[in-house]
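Engineer: dropping a prediction and its sequence here:
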2 protein chains.
Amino acid sequence: MKVFRYDTVNLEDVDAEDASKVKVRWLITKEIGAENFAMRIFEIEPQGYTPLHTHPWEHEVFILDGEGQLFDREKTVPLKASDVVFVPPNEWHQFRNFGKKLLRLICLIPYTKE
Amino acid sequence: MKVFRYDTVNLEDVDAEDASKVKVRWLITKEIGAENFAMRIFEIEPQGYTPLHTHPWEHEVFILDGEGQLFDREKTVPLKASDVVFVPPNEWHQFRNFGKKLLRLICLIPYTKE
């Protein structure tokens, strides 16, 4: 087993031109033996957002703290702590923080995308 | 996309003889389109525990609330909110709540186990 606090993992900038004020910690990855899917935490500052994009793999998300919105190019859905989000493959999505404090969310992706 | 509060999902008894005071909500499953892995929340009451068992698939876990222990038949490791846990395939594991309040954790499993 491996047990560690989430904030012992490096907080990295998100490498995308169309992201703002968002960082990521890659918590569980192939490097520690996870073959099937990866767990990350995204930390989005007030007024920050992830890229508005789509890809052929899903996201499974749990909102830990804060308030935000999920935008799919047609509508926005409010998000708050304790919400669960499933973004199916090939759906446009952007996570936005329109609150006043940090928006933190767990986001998992499959390794089958490779 | 699908967005819903975690506690709108039914809280079910864990179907195992050797579990005590533990319930589960299956949040993201194949039924809503997740083909690769499933997200559940386990809620373990004080003095409760999950089965001490092993299986050929991994767990990816995030501790949401409370305090507990992870037992692998040899040692116990303390757990608290904001801890991340990776249980590799074929490792014995049991989540125990030795605290005074509810231990809530997110636990994901691959569908490749089938």
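Structural biologist: Received the coordinates, thanks.
Engineer: give me the beta-bridge partners of A:Val84?
Structural biologist: A:Phe62, B:Phe4 (DSSP bridges).
Engineer: which residues touch it?
Structural biologist: A:Val61, A:Phe62, A:Ile63, B:Lys2, B:Val3, B:Phe4, B:Arg5, B:Tyr6, B:Val9, B:Leu27, B:Ile28, B:Met39 (C-beta atoms under 8 Å, 6 or more residues apart in numbering or on different chains). From N, CA and C alone the C-beta is placed, and that goes for glycine too.
Engineer: what do you get for A:Val87?
Structural biologist: Contacts of A:Val87 (C-beta under 8 Å, 6+ apart): A:Glu58, A:His59, A:Val61, A:Leu70, A:His93, B:Met1.
Engineer: ok, A:Glu91 - how many residues close by?
Structural biologist: 14 (other C-beta atoms under 10 Å in any protein chain shown).
Engineer: and the nearest residue in space to A:Val61 that is not next to it in sequence, how many neighbours does it have?
Structural biologist: Excluding the flanking residues, the one nearest A:Val61 by C-beta to C-beta, 6 or more residues apart in numbering or on different chains is A:Val85, at 3.8 Å. By other C-beta under 10 Å, the residues close to A:Val85 number 23.
Engineer: and A:Lys21, by the same measure?
Structural biologist: 16.
Engineer: quickly find the element holding it.
Structural biologist: strand A:20-28 (DSSP states H and E).
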